[in-house]
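1. Test case, fold it:
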Amino acid sequence: MANNVDNDITVELDGHVAIVEIHRPPNNFFDYELIRAIADTYEMLDADDDCRAVVLCSEGKHFCAGADFSARESWGQAQLDAQAGQLYREAARVFSARKPVIAAIQGAAVGGGLGLACSADHRITCAEARFSANFARLAFHQGFGLSVTLPRLVGETQASLLLLTGRRVNGTDAVAIGLADQLVPQNEVREAAQALAAEVALSGPLAVQSIRATLRGGLADAVVQATEHELAEQSRLRKTADFREGIKAMAERRLPNFTGE
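-> I've put the predicted structure just below:
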């Protein structure tokens, strides 16, 4: 069974595993509309007893290469804040879903894309993938609940290193620090994610949902609280000269010259 949720998302049910695929190749950029579509899909699958586990994957080179800042150059501060607020309300819905999610990370999971990857229960990846919370490199504050999810996965110290430096981590290192769970060849990432989801689906579905709710207890509420703070800090920092310089430097593929203003 295949189903087009909208232009960005398709769903295919293979046995008891739902394959949710993002279709914005090659970068699969992150925005409010995409997260809303994913949240709608998860709610639909929560109501489908045939679905016991979910694979979240993407068409093209990257899992999700972050936000497309070039598409927002003409937006004003109020519009940017409103879009971010809407996005984080949809993020709360993503984290509130009841069925386990395995993310297949075949390429970049950057910025908000990393936040989306961290919303899943497990991540399958390859050596060629790269993970980056690159917000500080843009003179910006992290979002999508990474303030909560990243320390849960890799610990406070490693999360601090990733956030303060904005460094890129390849798939091999991501598995080593606990950011991803399994390393496979790049052309086997989706297959391995489906295999893990199928293994989960062999367990009692009510027990799986119960265990998951216990393990993730309070996570959705913590993300809501975190995103309120993240949004306020993003709004404040978006007004700075450093943020404008960070975005310009990224577009020009050069090191930024930050002044603390």
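
2. Based on its surroundings, how many neighbours for His122?
-> 15 (other CB atoms under 10 Å). Just so you know, the C-beta spots here come from the backbone N, C-alpha and C atoms, and that holds for glycine as well.

3. so what's it up against?
-> His122 makes contacts with 100-103, 181-182, 196, as judged by CB atoms under 8 Å, 6 or more residues apart in numbering.

4. got it, and Asn170?
-> With contacts taken as CB under 8 Å, 6+ apart, Asn170 has the following neighbours: 127-131.

5. Run through the helices of this protein in chain order.
-> If DSSP state H is used as the criterion, the helices of the chain fall at 32-46, 77-96, 112-119, 146-154, 156-165, 171-177, 189-201, 205-215, 219-237, 241-251.

6. which one of those helices has the most crowded surroundings?
-> For the helices of the chain, the largest average neighbour count (mean count of other CB atoms under 10 Å) is found in helix 112-119, namely a mean of 26.

7. Not counting its own residues, what contacts it?
-> So helix 112-119 is contacted by 28, 30, 35, 38, 56, 62-67, 87, 91, 94-95, 101, 103, 105, 109, 123, 131-133, 142-146, 149-150, 153 (CB under 8 Å, 6+ apart).

8. Any of the contacts of Asn170 buried? List them.
-> Neighbour-count burial within these applies to 128-131; the criterion is 16 or more other CB atoms under 10 Å.

9. Include distance to Thr214 when you put those into CSV, please.
-> As requested, the buried ones among the contacts of Asn170 are exported to CSV (distance: CB to CB, whole Å):
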residue, distance to Thr214
Glu128, 35
Ala129, 30
Arg130, 32
Phe131, 27
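
10. wait, which of those residues is closest to Ala251?
-> The closest of the buried ones among the contacts of Asn170 to Ala251 turns out to be Arg130 (CB to CB; 19.0 Å).
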